[in-house]
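*Asks:* Give me the fold of what follows.
(chains A and B)
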Amino acid sequence: MNKFTIIGKSEKKIDSLSLATGASKFVDDFDLDDPIYLALLYSPYAHAEIVNIDDSQARRLPGVVDVFYYKNVKPILHTTAGQGFPEPSPYDTVLFDTKMRFVGDRVAMVAAESRDIAAEALKLIKVEYKVLEPLFDPEKAMTAGAPILHGPDRFTPIGAKYEPDKNLAAEVEIGFGDLKKGEKEADFIIDQAYKAHYGSHCAQEPHAAISYFDEMGRLVVVSTTQVPFHVRRIVSKVCEFPLSKIRVIKPRIGGGFGGKQEVFLEQLVALTSIKHKRPAKIVLSRKEVFQNSRTRHPIRVRLRTGVKNDGEITFLEMDSLLNSGAYGTHALTVLSNCGAKVLPLFNKIENLHFLGRSVYTNLPVGGAYRGYGATQGYFALNQQLDMIARKLDVDLLDYIKKNHIRVGETSQVFKALGEGKEGITQYINSCKLDECIDIGAREIGWYEKRGKRIANGDKVRGLGCAVAMQGSGIPLVDMGAAYMKINDDGSFNLDIGATDIGTGSDTILAQIVAEVLGVSLEKIIVLSSDTDRTPFDVGAYASSTTYVSGGAVKKCAEKIREQILDVAAKMLATEKSNLELAGGQVKNLINGKSITLGEIAEYALYSENQFQIQAGASQFVEQSPPPFIAQFVEIEVDKRTGKVDVLKFVSAVDCGQAINPQLAEGQVDGAVVNGICYALTEQYKFSANGNLLTKHFRDYKIWTAADMPEIKSIVVESYEASGPFGAKSVAEIGINCPMPAIANAIYDAVGVRLFEAPFTPAKVYREMKRAGKL
Amino acid sequence: MKIEFVLNEKKQVIQVDPVSRLLDILREDFELTSVKEGCGEGECGACVVLMDGKAVNSCLIPAGNIEGRHILTLEGFCKTERYKIIEESFLKAGSVQCGFCTPGIVMSTESLLRENPQPNDNEIRDALSGNLCRCTGYNMIFEGIKLAAERGKGLW
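*Replies:* Numbering: from 1, shown residues only, chains lettered A, B, ... in the order given. Model prediction:
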């Protein structure tokens, strides 16, 4: 039974009407007065020194305003990672460098009167390169004699381990117990390496940024960002322009998935506007998004586990090698999460060791991507669990249930491993993973179909399952804030730094306020993500908005509530304790007399001792309660071709109290499909010299409506006491298990294991052939 | 070159380079920004408009090809009763997340329902196969279209 009025209801997204009519403005839709268009020249070499650039011909082209490159742009070391300050990512980037570190690294930028002129001018820039030996294999990055990408001037602002002279972008090591003891106790050991690959976010809106000076002479930056406040800070630093003179606005955003947690275009428009006192604009092409923006970090995870015949895991050793690409953005934190978000799930293991290394290579740059390292870690762990359960001859689901973390329990990993630094001890307050497993198993028909290898001609069916947890924000790091005031008619302004990138966070934050104040959703006027008009928020990442920003919003609304009741008590000449706030009015429970919120607002604003009913609140969290998920897949493998077809995919997720179940399911649906495509068809392919070959949707296959199997996402509600109205996060978790679940299903169907993703027909066929399973 | 065409029910005469893209003409000359550019290569469907009632990727249509044609964008379509049905159904079903692909999907839906007012699941999937969406996983879009076909019986 729902004890809430508006929480737990699938209210329509408050911006959906203007989105549906096409009236909403995205960055590229803003009308600029006489803008300068920007275009970038990229390195054709994976590793090279620029000996000289001659821009004279380009500058002579009519309509060219400027050419920016290393000779005329100050090299200020920074990171493009849109993270809290000081960022845990190394400062290894300058706007225009003399060294090129991947095919697609920035050589120069043209500013011109039109896009066509800018594109034409790019061809006129003469660049002299000294080509260097490239480094493509992350396994060789730290070997003696390997090409070195970054010089000794690079550094990490948080003082984490960082050794550019060894191509080491980050390293994390934790452990407890005694591995040797665990090895001795084990009846068998499984030692396996897994490889998760590059991925592109494929937000349908390409990255874009515009900037202009407003009538007060302040620089306004409008960009496709998940992190407006980090944009303001980083632009100020890189452009050496006072932060107080910069205003960053996030309009509607066409999807982010982590790709827009990167601050790499805003500096360019700002630089141009500052220098030329004119509006500037850049919109990336899809090709540029694939090659020159950010990707999912490929990670090789080696997992060693010792197991007793009774099922006890006596030790676990995880060795993760993250390919950071040319720059170290998010290299430390994604690496940490590969262990930190994965290892606590099986908390009974007493002897554990995690070693993670992120290395530079001359390949595209990694970054934040939904799942953030957990996706790569769970790919390894869930296959390993399936192998263990099969070896023990026990049901995988029973085995998971016996070993996963439970309410009241903790894991030593929480404390040992945070996001790039030590974490914090956490106890689990809410976990319905068992229910998720049971519901999902029923929906997929686990006990009827698992291991049956139902054949249909050359096609064989199989079932797979995988489980995961994630977090809800970054404890001790993330902060979100909210500001509210009442208006004459009893409506409320809600100003939040939180960043709706299409997820519906504006809506669910408004629902939280509406619940606290007993009003309908229409009474809440939401303004989000404007650094001049809204309070701070770290932004949309780490599955933080519902839990962290939602906490701020709830606190803020509660302060407003108290002020409303104070005024009402005076107006009704009674004690606050006699009052009830509901349905847009305050009622005196003694005599039944009531007044509307509009009357209360008018009284406060106009009658006596006038004041504004208003409040601000911040939420800083010391916990990150994990949501849990069980995901199941039924597939069919064509033994003639190796092609894997997904027939049905089921997710059952415990995200605490879903504030808006439809939006929660939508998050899971979207994450699942992204995860399935990542497992089967999405792939970065490179030429021998490091050039990306898959730069179009026709080569980098994300699924269309016609490819869709049956997808079912089920919200299994629990109650997280520390979250707003019991809520935890839901945005990222759904992407963690499609890949391992499908891998486990392939084994169930045809008896081969795919340790290297994606599972293309060729790979599956080759494995079947090698194992004699054809 | 001079080109005459009908845009959102209004006759237009423009002077334009015949190889310029319909997408740019719509967005820049007519400020019809519901038409989005997601890839510029005819692969994502964010720029879908109707040309003589059929869904086309406006990024692939050179200006020279629109001579004498009827072009309908969401700005024109959203004034119709049929649009209202699609809108209500999409909002109810949760078909809109980030909304960037939505205008193209609405236009593809209109094109589908014009040809086939009661499509089955496979027909919906086929009709939508030119519109990429990364947010929703398509489920709630299918639901929205089914609901529109149901609620708008007799309109198409």
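*Asks:* any idea whether residue A:338 is helix, strand or coil?
*Replies:* helix (DSSP: H, G, I helix; E, B strand; the rest coil).
*Asks:* before we move on, what about residue A:631?
*Replies:* Under the three-state scheme (three-state DSSP), residue A:631 adopts strand.
*Asks:* The nearest residue to it once chain neighbours are set aside: neighbour count?
*Replies:* The spatially closest residue to residue A:631, leaving aside those adjacent along the chain, is residue A:737, at 3.8 Å (C-beta to C-beta, 6 or more residues apart in numbering or on different chains). Backbone N, C-alpha and C define where each C-beta goes, glycine included. If you count neighbours by other C-beta atoms under 10 Å in any protein chain shown, residue A:737 ends up with 31.
*Asks:* Quick check, residue A:536 in contact with residue A:483.
*Replies:* No: the pair residue A:536 and residue A:483 fails to qualify as a contact (C-beta atoms under 8 Å) at a distance of 10.4 Å.
*Asks:* Do I have it right that the residue nearest to residue A:631 meets residue A:378?
*Replies:* Yes: Residue A:737 lies in contact with residue A:378 (C-beta under 8 Å); the separation is 6.2 Å.
*Asks:* Can you work out which residues contact both of those two?
*Replies:* A:466, A:468 (C-beta atoms under 8 Å, 6 or more residues apart in numbering or on different chains).
*Asks:* got the residues of the stretch 651-774 of chain A near chain B?
*Replies:* Residues of the stretch 651-774 of chain A that fall close to chain B, judged by C-beta under 8 Å from any C-beta of the partner chain: A:662-663, A:665-666, A:669-674, A:696-698, A:702, A:704-708, A:711, A:713.
*Asks:* Buried members of the residues you listed into ChimeraX, please.
*Replies:* A single ChimeraX command suffices to select whichever of these are buried according to 16 or more other C-beta atoms under 10 Å in any protein chain shown:
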select /A:662,663,665,666,669,670,671,672,673,674,697,702,704,705,707,708,711,713
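*Asks:* Could you name the helices and strands sitting against the longest strand along chain A?
*Replies:* Criterion DSSP state E: the longest strand present in chain A is strand A:313-325. Counting contacts by 3 or more C-beta pairs under 8 Å, 6 or more residues apart in numbering or on different chains; DSSP states H and E, strand A:313-325 packs against strand A:168-176, helix A:179-185, strand A:299-307, helix A:331-340, strand A:352-360, strand A:366-367, helix A:374-392.
*Asks:* Include distance to chain B and mean neighbour count when you put the ones you listed into TSV, please.
*Replies:* Below are the helices and strands packed on strand A:313-325 laid out as TSV (distance: least, C-beta to the nearest C-beta, whole Å; neighbours: other C-beta atoms under 10 Å in any protein chain shown):
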stretch	distance to chain B	mean neighbour count
strand A:168-176	28	21
helix A:179-185	41	16
strand A:299-307	22	23
helix A:331-340	20	30
strand A:352-360	26	25
strand A:366-367	16	30
helix A:374-392	16	25
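*Asks:* Turn those into TSV, columns for mean pLDDT.
*Replies:* TSV is the format used below for the helices and strands packed on strand A:313-325 (pLDDT from 0 to 100):
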stretch	mean pLDDT
strand A:168-176	97
helix A:179-185	98
strand A:299-307	98
helix A:331-340	98
strand A:352-360	98
strand A:366-367	98
helix A:374-392	98
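*Asks:* out of the ones you listed, nearest to residue A:246?
*Replies:* For the helices and strands packed on strand A:313-325, proximity to residue A:246 was assessed by C-beta to C-beta; strand A:366-367 is nearest, at 23.0 Å.
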